[in-house]
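*Asks:* Sequence first, predicted model second:
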Amino acid sequence: MRSSLRRLHRSGFTLIELLVVIAIIAILIGLLLPAVQKVREAAARSSCSNNLKQLGLGCHNYHDANGFLPPGQIRNEWLTWAVLIMPYIEQNAAYQRFDLQRRFNEQPNPSPVNGPYLPDDPCPVNIKTFFCPGRRGVDVGYSKNDSPQGTGVTFPARPGGLSDYAVNQGSNNSNGTMTNTTHIKAIDSSGAPFSGNFADTAPAGVKVLSYKGQVTLQTIPDGTSNTFMIGEKHIRPNSRDGKNEDRSVYSANNANNFSRNAGVNITSAGVEQTFRIVPSELDQADTPFNNASFGGPHSNICMFVFADGAVRGLRKDLSPGKISGGTIVPGILHLLAVRDDGQPTTGYE
């Protein structure tokens, strides 16, 4: 009987043995966590790369159908590239609900500002291809404060879909790959030709009948493999999910909704601008022009699709260039953003 009791007692764990097992498990978890995080990051980067590949293919298919790359916007306050390429990224149903002739805030079937969102309202729709899974998903909500002022009218706020990607408009909004339109033909609400200023002063009811994009794959002198089209956009943390530069990607009410700049620039008023790849998702408003710069959630790199359709991760520390004595000295990032700088670009991967 005693022997049996002794054998039963010896089959259990002592406190020391239990502590040792717990310590070993903690060490193993500590070793595994970084590996798990790396796997998750690799998966997010792969999904992001696939999104950009689809967006690049959509831009090429749009080019084939129209003879030019999709413009960043139809016109100030009207719709953007994100709507124009919908039929080419398998989103034709969403595209059909938009009226390309009307400004964003005059789209049909408006929903109440705070919902419920009507099924025929084209604007409050988030498309998975426009979101990097390393940052967020499609359930983040919609824009909150898109309400521009036209001549004699303030349009109601119009919620709309968001995006983690933006088109490249170069260093000065005109020398990138997906710039604004030309040859605009428009009419006012009476049907008479409209040739006024579209920038915040076009009256209600103006319709754009036709337009052309400025850039084709053949008019990128630096080469399609040396110039990027679309990249991850930096969003300041306090501007996330529908505010400021993270308002609807379908709306051209503000250039920061749908586009980004890269490199260095001197404005006509003499203002010196530097657009870098923002190194951290936590980078707030301390550095000027963060709200107009590229940047993403991946470690060390920001993802871009180039005009040749290739997706590349660019180092976040690529030099945008500098301004010395009133002269622009371009860095590698500037050269990759500007379609016609005429200089070679190497050593950026």
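*Replies:* Looks like it arrived, so ask away. Residues are numbered from 1 along each chain as shown.
*Asks:* Stretch 85-95 - what's its average pLDDT?
*Replies:* Per-residue pLDDT values over stretch 85-95 give a mean of 97.
*Asks:* Pull up the distance across it, start to finish.
*Replies:* 9 Å (Cα to Cα, to the nearest Å).
*Asks:* quick one: contacts of that stretch?
*Replies:* Applying Cβ atoms under 8 Å, 6 or more residues apart in numbering, the contact partners of stretch 85-95 are 54-55, 57-59, 61-62, 65, 70, 83, 98, 122, 125, 127, 129. Bear in mind the C-beta positions are built from the backbone N, C-alpha and C, glycine included.
*Asks:* Give me the buried entries from the residues you listed.
*Replies:* Among these, those classed as buried by 16 or more other Cβ atoms under 10 Å are 54-55, 58-59, 62, 70, 83, 98, 122, 125, 127, 129.
*Asks:* Just these: which are in strands?
*Replies:* Judged by DSSP state E, strands contain none of the buried ones among the contacts of stretch 85-95.
*Asks:* Could you export these to CSV, including columns for distance to residue 137?
*Replies:* Output for the buried ones among the contacts of stretch 85-95, formatted as CSV (distance: Cβ to Cβ, whole Å):
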residue, distance to residue 137
54, 17
55, 17
58, 21
59, 24
62, 26
70, 25
83, 21
98, 23
122, 21
125, 14
127, 12
129, 12
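*Asks:* picking up where we left off before, please flag which of the contacts of stretch 85-95 sit within helices.
*Replies:* Here DSSP state H is the test, and the contacts of stretch 85-95 give 54-55, 57-59, 61-62, 65, 83 as lying in helices.
*Asks:* Out of the residues you listed, which comes closest to residue 226?
*Replies:* Among the ones in helices among the contacts of stretch 85-95, residue 59 lies closest to residue 226 (Cβ to Cβ), at 16.5 Å.
*Asks:* Now for that closest one: which residues touch it?
*Replies:* Under the criterion of Cβ under 8 Å, 6+ apart, the neighbours of residue 59 are 69-70, 81, 85, 88, 178, 229-230.
*Asks:* Nearest to residue 202 among these?
*Replies:* residue 81 (20.1 Å).
*Asks:* so where is the stretch 101-250 of the chain shaky, pLDDT-wise?
*Replies:* Applying pLDDT under 70 to the stretch 101-250 of the chain flags the ranges 149-152, 199-200.
*Asks:* Show me the strands in the chain, by range?
*Replies:* Applying DSSP E to the chain gives strands spanning 149-150, 153-154, 165-168, 181-187, 207-213, 228-232, 259-260, 263-266, 272-275, 301-306, 311-315, 321-324, 327-330.
*Asks:* The second one pairs with which strands, parallel or anti?
*Replies:* Same thing as strand 153-154. Sheet pairing for strand 153-154, assigned by DSSP bridges, gives strand 149-150 (antiparallel).
*Asks:* for the last one, same thing?
*Replies:* The pairing partners recorded for strand 327-330 under DSSP bridges are strand 321-324 (antiparallel).
*Asks:* any idea how far residue 320 is from residue 348?
*Replies:* Distance of residue 348 to residue 320, given as Cβ to Cβ, to the nearest Å: 12 Å.
*Asks:* the more surrounded of these two?
*Replies:* Each of residue 348 and residue 320 has its neighbours counted (other Cβ atoms under 10 Å); residue 320 has more, 24 against 15.
*Asks:* Identify the residues contacting the more buried one.
*Replies:* 262-264, 274-277, 331, 333-334.
*Asks:* Kindly recompute the last result at 10 Å.
*Replies:* Going by Cβ atoms under 10 Å, 6 or more residues apart in numbering, residue 320 touches 171, 261-265, 273-277, 289, 293, 330-335, 337.
*Asks:* now residue 268
*Replies:* Going by Cβ under 10 Å, 6+ apart, residue 268 touches residue 172.
*Asks:* Next, it: phi, psi?
*Replies:* phi -60, psi -20 (degrees, to the nearest 10).
*Asks:* I'd like the distance between the residue nearest to residue 289 when sequence neighbours are not counted and residue 294.
*Replies:* Nearest residue to residue 289 in three dimensions, chain neighbours excluded: residue 275, at 5.4 Å (Cβ to Cβ, 6 or more residues apart in numbering). Separation of residue 275 from residue 294 (Cβ to Cβ): 8 Å.
*Asks:* Residue 116 now?
*Replies:* On the measure of Cβ to Cβ, residue 116 and residue 294 end up 35 Å apart.
*Asks:* Please identify which of the two sits among more neighbours.
*Replies:* With neighbours defined as other Cβ under 10 Å, residue 116 and residue 294 compare such that residue 294 has more, 27 against 9.
*Asks:* Test my guess that that one contacts residue 276.
*Replies:* Yes. Between residue 294 and residue 276 there is a contact under Cβ atoms under 10 Å: 8.2 Å.
*Asks:* Please enumerate the shared neighbours of these two.
*Replies:* Common neighbours of residue 294 and residue 276, using Cβ under 10 Å, 6+ apart, are 234, 262, 316, 333.
*Asks:* hmm, back to that, looking at neighbours, which among the contacts of residue 59 is most surrounded?
*Replies:* residue 230 leads the contacts of residue 59 on contacts (other Cβ under 10 Å) with 31 neighbours.
*Asks:* what sits against it?
*Replies:* Residue 230 makes contacts with 51-52, 55-56, 58-59, 70, 81-82, 85, 163, 165-168, 177-178, 259-260, 294, 303-307, 311, as judged by Cβ under 10 Å, 6+ apart.
*Asks:* just residue 279 next, same as before
*Replies:* Contacts of residue 279 by Cβ under 10 Å, 6+ apart are 234, 287, 295, 300, 302, 315-317.
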